[in-house]
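Colleague: structure, please.
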Amino acid sequence: MSIPPTILPKKKGFFQQHPEFRLDFIIKCQAQIDLHRLSGTSLNALGWKTVKDELNNIQDFHILQHKELKNQWDYLNRQWQIWRGLINRTGHGYDPVSGTFNWPEEVWANIIAVNSEAKKYKTAPLQHRDLLEKLFDGLSATGDFAWSPGMASVPSSTQQSEYVPLPDDMNVDDT
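Modeller: Residues are numbered from 1 along each chain as shown. You can find the predicted model right below:
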């Protein structure tokens, strides 16, 4: 008779075990964005190193690595995108005070069938939603007119080079 293999519970990551560090992570990432330490839709190498060093300096029970930080970034970005999808839903029943939605069960059933991760927002708001909006809003924009809060300036392709009067601008009555 063989002994069945022991099924070990999946090891929780640092931020699952210590959610109190999520706020520190978000704030430190935003500081790097404010310093324009971006590479595409994420932080650049110097930004990640700085976040890692600063988070490792405020706790001494786990040495965070780049992969854990990037996984947390991706997780928070995914949660932000799910939540934004709910907010942008036509006819949404969003309550900005509670940060929750008051849709009937059949609407929730359809939403959850499409994306099971949205289920958590049925009863609880997105944590740190104002900070996540600042962190991620605009980072996924692409193309000639893309701009994000972390960019040093608005790309020249979005700036109008000279004023061109429109018909409504002509003969404007000041009264």
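
Colleague: roughly how far apart are Gln72 and Lys49?
Modeller: In this view, Gln72 and Lys49 are 15 Å apart by C-beta to C-beta, to the nearest Å. To be clear about C-beta, it is placed using only N, CA and C from the backbone, and glycine gets the same treatment.

Colleague: again, but for Ala113
Modeller: 41 Å.

Colleague: more neighbours: Gln72 and Lys49, which one.
Modeller: Counted by other C-beta atoms under 10 Å, Gln72 and Lys49 do not tie: Gln72 has more neighbours, with 22 against 15.

Colleague: secondary structure class for the residue lying closest to that one once chain neighbours are set aside?
Modeller: Distance criterion C-beta to C-beta, 6 or more residues apart in numbering; nearest residue to Gln72, sequence neighbours excluded, is Phe15 at 5.0 Å. Recorded secondary structure, Phe15: helix (DSSP: H, G, I helix; E, B strand; the rest coil).

Colleague: quick one, what contacts Phe15?
Modeller: Counting by C-beta atoms under 8 Å, 6 or more residues apart in numbering, Phe15 makes contact with 21-22, 25, 68, 72, 75.

Colleague: can you show me the helices along the chain?
Modeller: For the chain, applying DSSP state H gives helices covering 14-17, 20-34, 45-58, 66-87, 105-114, 129-136.

Colleague: out of those, flag the one nearest Ser98.
Modeller: Evaluated over the helices of the chain, closeness to Ser98 peaks at helix 129-136, with 11.6 Å, by C-beta to C-beta.

Colleague: just for this protein, where's the confidence low?
Modeller: 1-10, 90-92, 140-175 (pLDDT under 70).

Colleague: coming back round to it: just send the helices of the chain back as CSV, with distance to Val97 too.
Modeller: Below are the helices of the chain laid out as CSV (distance: least, C-beta to C-beta, whole Å):
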stretch, distance to Val97
helix 14-17, 27
helix 20-34, 21
helix 45-58, 32
helix 66-87, 14
helix 105-114, 20
helix 129-136, 12
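
Colleague: nearest to Gly99, out of the ones you listed?
Modeller: Evaluated over the helices of the chain, closeness to Gly99 peaks at helix 129-136, with 6.3 Å, by C-beta to C-beta.

Colleague: list the buried residues in that closest one.
Modeller: By 16 or more other C-beta atoms under 10 Å, the buried positions in helix 129-136 come out as 129, 131-133, 135-136.

Colleague: same question, stretch 40-51
Modeller: By 16+ other C-beta under 10 Å, the buried positions in stretch 40-51 come out as 41-43, 47-48, 50-51.
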